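Undergrad: Pasting the sequence and the predicted coordinates here, then a few questions.
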Amino acid sequence: MIQNCLLCGSHARLRKSHIIPKFVFRWLKKRAGDSGFIRNTDRPNQRVQDGLKEYWLCDPCENIFAKDETMFANRIFHPYCAGEQKLRHGPELLRFTTSVSWRVLHYAYGRNSSAPYTVTQRELIQSAEETWREFLLGKRKNVRNFCQHIIPFGLISESTIGQLPTNMNRFIAGAVTLDIIGSRKMCMTFAKLGPFIILGHIQGRTKDWIGSRVWAQSGTIPATEYHLPWGFLPLLKEKALHIQNAWTQLSPDQAAKIDERIQALGDAFFATPQGEAILADAAMFGLDAIKRN
């Protein structure tokens, strides 16, 4: 496809680019023993082999993203999933998280025609897109107020928060999804890459987020301490419930295929990351939490 590149604007042959980086879906397919397939929440009965892709970028711009994706995958994502802590990063983390937020913004903005964006939010969204694009192209040294946040998660065994969805561990440890989130006074891009959440700040109070902000200089992940806005937890619960409800639409035939896969692995399944998340939900919420109706 020959069109204008969405990032640099050059008229060129475009490549089909991943919205969420490809390495995330490679990882996702191996979480339960490398089935070779994943399932989309919107179409749980359809097995697919890859994530969302669009004809967006020319080769040079695709390569800009690829370099930072490789850094994040090799130095942060996979080591963290393997249990390593205090992972060092440099300025490339801000470029990577900005590239993810820029892609999410382009994919999600306008897709829901009934989304109630205010006039101010629409103006800020345009400014954020321009700022992120210029930063990725090296035309500016920072992202101004349109900062990036990254939050790593692990399995939980207990919580003082009531009414958590019974798939909470499976959601925080393994779900992959994207959206634009907010209210009349807050707006952010949201990308969940397995145990990592990346947020692109468009509108709202940045001082409510402590420990999660990605700075241009070097740093470590995870941070020593995180303080997040009170409204963030209901958002996570909502996203987890959405996935939980989607799985109730699974057909008997597709459910049988999943069961056959688990039975073929036997006890080895519960040593996989997906199996560990299922056991964590069973321990936290009871065996009924992991039973299929």
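TA: The structure has been received and is ready for your questions. Numbering: from 1, shown residues only.
Undergrad: only C-alpha atoms for contact and neighbour calcs from this point on.
TA: Fine.
Undergrad: Direction included, what does the helix or strand containing G200 pair against?
TA: Here G200, judged by DSSP states H and E, is contained in strand 196-203. Here strand 196-203 has these sheet partners by DSSP bridges: strand 148-152 (antiparallel), strand 187-193 (antiparallel).
Undergrad: Looking at the ones you listed, which one is packed in the most?
TA: Among these, strand 187-193 has the highest mean neighbour count (mean count of other Cα atoms under 10 Å), at a mean of 23.
Undergrad: In TSV, list the strands paired with strand 196-203 along with mean pLDDT and distance to L14.
TA: Conversion of these to TSV gives the following (pLDDT from 0 to 100; distance: least, Cα to Cα, whole Å):
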stretch	mean pLDDT	distance to L14
strand 148-152	97	27
strand 187-193	96	24
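Undergrad: Helix or strand with the lowest mean pLDDT in this structure?
TA: strand 43-48 (a mean of 66; mean pLDDT, DSSP states H and E).
Undergrad: now the next helix or strand after it, how far from the centre of its chain.
TA: Per DSSP H and E, the first helix or strand lying C-terminal to strand 43-48 is strand 53-57. Strand 53-57 sits 18 Å away from the centroid of its parent chain (Cα atoms, centre = their mean, to the nearest Å).
Undergrad: List the buried residues in strand 53-57.
TA: Y55, W56, L57 (16 or more other Cα atoms under 10 Å).
Undergrad: do the same with stretch 107-114
TA: Buried residues in stretch 107-114 (16+ other Cα under 10 Å): Y107, Y109.
Undergrad: End to end on that stretch, go ahead and measure it.
TA: Using Cα to Cα, to the nearest Å, the end-to-end distance of stretch 107-114 comes out at 16 Å.
Undergrad: Next: stretch 16-27.
TA: 20 Å.
Undergrad: quick one: contacts for the residue most central in space within the chain?
TA: By Cα atoms, centre = their mean, the chain has its centre lying nearest to K192, at 1.6 Å. Counting by Cα atoms under 8 Å, 6 or more residues apart in numbering, K192 touches A175, V176, T177, L178, I198.
Undergrad: Could you rerun that using 6 Å?
TA: Going by Cα atoms under 6 Å, 6 or more residues apart in numbering, K192 touches V176, T177.
Undergrad: Give the bridge partners for it, please.
TA: T177, I197.
Undergrad: can you pull out the strands in the stretch 151-293 of the chain?
TA: Using DSSP state E, counting those that start in this stretch, the strands of the stretch 151-293 of the chain run over residues 176-182, 187-193, 196-203, 219-221.
Undergrad: swap that for the stretch 1-150 of the chain, sorry
TA: For the stretch 1-150 of the chain, the strands defined by DSSP E, counting those that start in this stretch occupy 2-4, 11-13, 15-18, 38-40, 43-48, 53-57, 87-89, 148-152.
Undergrad: Tabulate those in JSON lines, adding columns for distance to V104.
TA: Shown next, in JSON lines, are these (distance: least, Cα to Cα, whole Å):
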{"stretch": "strand 2-4", "distance to V104": "19"}
{"stretch": "strand 11-13", "distance to V104": "22"}
{"stretch": "strand 15-18", "distance to V104": "10"}
{"stretch": "strand 38-40", "distance to V104": "17"}
{"stretch": "strand 43-48", "distance to V104": "20"}
{"stretch": "strand 53-57", "distance to V104": "11"}
{"stretch": "strand 87-89", "distance to V104": "23"}
{"stretch": "strand 148-152", "distance to V104": "13"}
